[in-house]
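Give me the fold of what follows.
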Amino acid sequence: MGFFSADTRDKRLSARGTGFQRINSRILVQIRWLWVFASKDSTVYRVAQGRGGNIVLETLGLDYPGVLISDCVAVYDEVDRCQQECYSHHLKAISRALEEAPSTYLEELRALLKAVLALKGAALSGPELVQRRAALELGPR
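Sure thing, here's the model as predicted:
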């Protein structure tokens, strides 16, 4: 089921973080999943019959050194890796929960996630980045 060599995989997906997304598609009346593995420097597409954690393991290998960023689906919990769940998915879940019941905690959590995303997108370096990061870590006073 390999679509590129392990050596090529290591070169393409050696970045610190790799995100992926599954897309459901019908090909010749058979369901296939389009997997997209993206790092800072490259993107790898893979069409597979399933959407289980085994696809992640087969694609990245057992010794993947980076952080796996996924969409909060429990099937990826079996992939014993350093993981981060997508902030966008968390923000959607927080918004849905807030529609059901107001919550100061969820409002603060949403504000924190948005601040982190803004900091990530800012072109900062050096002391200003360190100062803004420290302010986020300390939280509101």
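
Spell out which residues make up each domain of the protein.
Following automatic domain parsing, the chain resolves into domains at 6-85, 88-138.

Quick check on the residue nearest the centre of the chain: phi, psi?
In the chain, the centroid-proximal residue (CA atoms, centre = their mean) is Ile69; its distance is 2.2 Å. Main-chain torsions, Ile69, degrees, to the nearest 10: phi -110, psi 120.

do the same with Ala122
Torsion angles, degrees, to the nearest 10, at Ala122: phi -80, psi 140.

could you list every residue that touches it?
Going by CB atoms under 8 Å, 6 or more residues apart in numbering, Ala122 touches Leu129, Arg132. Placement of C-beta: from N, CA and C, glycine included.

Buried residues, the longest helix seen in the chain. List them.
Counting residues, the longest helix found in the chain (DSSP state H) is helix 104-121. Judged by neighbour count (16 or more other CB atoms under 10 Å), helix 104-121 contains these buried residues: Leu109, Arg110.
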